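*Asks:* give me coordinates for this.
(chains A and B)
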Number of protein chains: 2
Amino acid sequence: MMQPAFRKIVIFGVGLIGGSFSLALRKAGAVTEVVGFGRSAATLNEAKQLGILDRIGDDVAREVCDADIVLVATPVAQMADIFKRIAPHLGSNTLVTDGGSTKGDVVAAARANLGSKLPQFIPAHPIAGGEKSGASAALADLYQGKRVVLTPLNENAKDAVSRIRKAWEMCGANVSELTAEQHDTVFAAVSHLPHLLSFALVHDLAKRDNKDQLLSFAASGFRDFTRIAASSPEMWRDICMANRDALMVELQQYAAELFVLHQALESNDAAKLEEIFSLAREVRSAWVQK
Amino acid sequence: MMQPAFRKIVIFGVGLIGGSFSLALRKAGAVTEVVGFGRSAATLNEAKQLGILDRIGDDVAREVCDADIVLVATPVAQMADIFKRIAPHLGSNTLVTDGGSTKGDVVAAARANLGSKLPQFIPAHPIAGGEKSGASAALADLYQGKRVVLTPLNENAKDAVSRIRKAWEMCGANVSELTAEQHDTVFAAVSHLPHLLSFALVHDLAKRDNKDQLLSFAASGFRDFTRIAASSPEMWRDICMANRDALMVELQQYAAELFVLHQALESNDAAKLEEIFSLAREVRSAWVQK
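*Replies:* Next up is the predicted model:
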């Protein structure tokens, strides 16, 4: 029988992202043993019952010294501390990756805390998830056909990047590479800004005395536009703060776009509105989700 | 056997809105004869083949003089002309209603063109539709459980409003009443603004040199946020122009909301972001589409 690709994987944070990584690799027959760490004993027990974990870890040093891969899938704000805890104990063949939605801040945390082990860290952002979270939301096919962006460091060996790429590909993902800076610029535009705009619209209405009347007439357009305003406030606070420079640039550019629309309305320039709407419709209709 | 509620209905514009009105009333056994007018012979023939129309009209005067209801379901920009054509010929028991998404401008067009027949016009906005249009998109259950807003005029007799209400209720709709001004203020906030914002985001990205790269990383959040940016540019140009005063107020209020978010980012005020996101999430999660 063929050897699984990975003998031992250690996961910090066994929620949607971490749990699905384990379930996907298990389903692919790619891992022998999965060990989990986390802040909540209840979540860890649930993850074990759901078949995400073989064991709940109790000694970080012992578990990470001989792991093939350590996945850090906690909220980004906790990653610096985890890097610090694992750094002294990482085996020389152990690679580290993460599941954070922003990359510049994660890379900075790794540089500050991984010391001489920095070359073993290959940052990753799996583009999957949604409003659901927690171990119970984890799915073996969450990453199937989804994109994972690696943002390799100059310090990474080619072979190390290939092994992490292979792990995500075994989860069913389409893996591509960007620099951390490119990543954060791209996602400020196509993900972080839309979330901010959606939260802003609902908040704008929520403040008003007649909000109940307004919402009672809202229909399917409003429903879809505001679906992402039901996302986790804590997670999106962290993402926005972590990527604030790029997000502020996007916000200014978008405000300029709104200014043009306002001017077109003010000057009765119907042709300008139609021109803007037509290009938007053309591009949106041609777009197919990867 | 019971008499159908309406003997003859005349429809101007047999697309999604007009066609579905006919199919719904037929399914309810509420109408004996449906006659259609329109600018395209092909559409009228298609509507007849689809069972939307019994006859294609060729003499407006003869058809509207003994109709129970005339539904004007053309683009709003064409309504003034239709009101002018039908006004001299409307029978004294004939009621007129419409399917326009804005009401202030339709009421103004009616006041300018219906003359002494104005009291026979009861404006309506069926909250249904989407990106599809045309006779072939018409459905007997399009209005089932959907809202229809009537914006009665001071000149309308109570009994006339009741008869039009009954017609929309027989289509399966939940009918409510607002003034035309209230209607346009409410829909500027919950429908017209979100459409404008969605078109603006896609246009903002579409102008950029790296738009293909950006769109290749867009995921489900972007998909839902921009679904309405695939709507008809002509229709939304007309809606925005017709309701420009209320829409400009909304746009300014929204820009102020974005300014607060920009300030929170600039001053590293994570608590402010979380407060805004949390209220938005709470209100959005509690909202259930009517």
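*Asks:* helices or strands up against the strand or helix carrying A:T32?
*Replies:* Using DSSP states H and E, the element containing A:T32 is strand A:31-37. Contact partners of strand A:31-37 among helices and strands, from 3 or more C-beta pairs under 8 Å, 6 or more residues apart in numbering or on different chains; DSSP states H and E: strand A:6-12, helix A:16-27, helix A:41-49, strand A:55-56, helix A:60-64. Just so you know, the C-beta spots here come from the backbone N, C-alpha and C atoms, and that holds for glycine as well.
*Asks:* and the shortest one, how far out from the chain's middle?
*Replies:* In terms of C-alpha atoms, centre = their mean, to the nearest Å, the centre of strand A:55-56 is found 25 Å from the chain centre.
*Asks:* partners of that strand in the sheet?
*Replies:* In the sheet, strand A:55-56 lines up against strand A:31-37 (parallel) (DSSP bridges).
*Asks:* so which bits of the strand it pairs with are buried?
*Replies:* In terms of neighbour count (16 or more other C-beta atoms under 10 Å in any protein chain shown), strand A:31-37 has its buried residues at A:V31, A:V34, A:V35, A:G36, A:F37.
*Asks:* can you tell me which two in those residues are farthest apart?
*Replies:* With C-beta to C-beta as the measure, no two of those lie farther apart than A:V31 and A:F37, at 16.3 Å.
*Asks:* touching, A:A264 and A:L273? I think so.
*Replies:* Yes: between A:A264 and A:L273 there is a contact under C-beta atoms under 8 Å: 5.1 Å.
*Asks:* secondary structure element holding A:C240?
*Replies:* helix A:233-242.
*Asks:* average model confidence for that helix?
*Replies:* On average, the pLDDT along helix A:233-242 is 94.
*Asks:* can you show me the CA trace of whichever helix or strand comes after that helix as CSV?
*Replies:* From helix A:233-242 onward toward the C-terminus, using DSSP H and E, the following helix or strand is helix A:244-266. Extracted in CSV, the C-alpha atoms of helix A:244-266 (Å, rounded to 0.1, in the frame of the first residue of the first chain):
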residue,chain,number,x,y,z
ARG,A,244,-6.2,49.3,6.6
ASP,A,245,-3.7,51.0,4.3
ALA,A,246,-4.9,49.2,1.2
LEU,A,247,-8.5,49.5,2.3
MET,A,248,-8.3,53.2,2.8
VAL,A,249,-7.0,53.6,-0.7
GLU,A,250,-9.9,51.5,-2.0
LEU,A,251,-12.4,53.5,0.1
GLN,A,252,-11.1,56.8,-1.3
GLN,A,253,-11.3,55.5,-4.9
TYR,A,254,-14.8,54.2,-4.3
ALA,A,255,-15.9,57.6,-2.8
ALA,A,256,-14.6,59.3,-5.9
GLU,A,257,-16.7,56.9,-8.0
LEU,A,258,-19.8,57.9,-5.9
PHE,A,259,-18.9,61.5,-6.4
VAL,A,260,-19.1,61.0,-10.2
LEU,A,261,-22.5,59.4,-9.9
HIS,A,262,-23.7,62.2,-7.7
GLN,A,263,-22.6,64.7,-10.2
ALA,A,264,-24.3,62.9,-13.0
LEU,A,265,-27.6,62.9,-11.0
GLU,A,266,-27.1,66.6,-10.1
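*Asks:* right, is helix A:244-266 up against chain B?
*Replies:* Yes: Helix A:244-266 lies within reach of chain B by C-beta under 8 Å from any C-beta of the partner chain, at A:244, A:247-248, A:251-255, A:257-259, A:261-262, A:265-266.
*Asks:* quick one on the thing from earlier: tell me the most buried of the helices and strands packed on strand A:31-37?
*Replies:* Among the helices and strands packed on strand A:31-37, the stretch with the highest mean neighbour count (mean count of other C-beta atoms under 10 Å in any protein chain shown) is helix A:16-27, at a mean of 25.
*Asks:* and the angle for that helix with strand A:6-12?
*Replies:* Put simply, helix A:16-27 runs at 170 degrees to strand A:6-12, going by axes from the mean of the first three to the mean of the last three C-alpha atoms, to 10 degrees.
*Asks:* quick one: contacts of helix A:16-27?
*Replies:* A:6, A:9, A:11-12, A:14, A:31, A:34, A:36, A:47, A:50-53, A:71, A:73, A:99, A:126, A:128-129, A:132-135, A:137-144, A:167, A:170-172 (C-beta atoms under 8 Å, 6 or more residues apart in numbering or on different chains).
*Asks:* tell me where the model's unsure across the stretch 51-200 of chain A.
*Replies:* For the stretch 51-200 of chain A, the stretches with pLDDT under 70 are A:130-131.
*Asks:* could you pull out the strands in the stretch 101-250 of chain A for me?
*Replies:* Ranges of strands within the stretch 101-250 of chain A are A:124-126, A:147-150, A:174-177, based on DSSP state E, counting those that start in this stretch.
*Asks:* to chain B, which of those strands lies closest?
*Replies:* strand A:147-150 (6.7 Å; C-beta to the nearest C-beta).
*Asks:* anything in the closest one near chain B?
*Replies:* Yes: using C-beta under 8 Å from any C-beta, we find that strand A:147-150 touches chain B at A:R147, A:V149.
*Asks:* tell me the helices and strands packed up against that strand.
*Replies:* Packing partners of strand A:147-150 (3+ C-beta pairs under 8 Å, 6+ apart): strand A:124-126, helix A:158-170, strand A:174-177.
*Asks:* tell me what the shortest one is packed against?
*Replies:* Spelled out, it's strand A:124-126. strand A:147-150, helix A:158-170.
*Asks:* just the buried residues of the shortest one, please?
*Replies:* What that stands for is strand A:147-150. For strand A:147-150, using 16+ other C-beta under 10 Å, the buried residues are A:R147, A:V148, A:V149, A:L150.
*Asks:* tell me the strands beside it, with direction?
*Replies:* Strand A:147-150 pairs in its sheet with strand A:124-126 (antiparallel), strand A:174-177 (parallel), by DSSP bridges.
*Asks:* so which residues make contact with it?
*Replies:* A:103, A:122-127, A:161, A:164-165, A:168, A:171, A:173-178, A:183, A:290, B:217, B:219.
*Asks:* same thing with the longest one?
*Replies:* Identification of contacts with helix A:158-170 by C-beta under 8 Å, 6+ apart yields A:5-6, A:24-25, A:28, A:30, A:69, A:95, A:97, A:119-120, A:122, A:124, A:126, A:143, A:148, A:150, A:152, A:175, A:177.
*Asks:* how about the residues of the stretch 1-150 of chain A near chain B?
*Replies:* A:I127, A:A128, A:G130, A:K146, A:R147, A:V149.
*Asks:* need the max-distance pair from the residues you listed.
*Replies:* Spatially, the most separated pair among the residues of the stretch 1-150 of chain A next to chain B is A:G130 and A:V149, at 17.3 Å (C-beta to C-beta).
*Asks:* now find how far off-centre stretch A:64-73 is within its chain.
*Replies:* The answer for stretch A:64-73 is 19 Å, by C-alpha atoms, centre = their mean.
*Asks:* and it, how far apart are its ends?
*Replies:* Length of stretch A:64-73, first residue to last, C-alpha to C-alpha, to the nearest Å: 15 Å.
*Asks:* now do the buried residues in that stretch.
*Replies:* Residues of stretch A:64-73 classed as buried: A:V64, A:C65, A:A67, A:D68, A:I69, A:V70, A:L71, A:V72, A:A73 (neighbour count, 16+ other C-beta under 10 Å).
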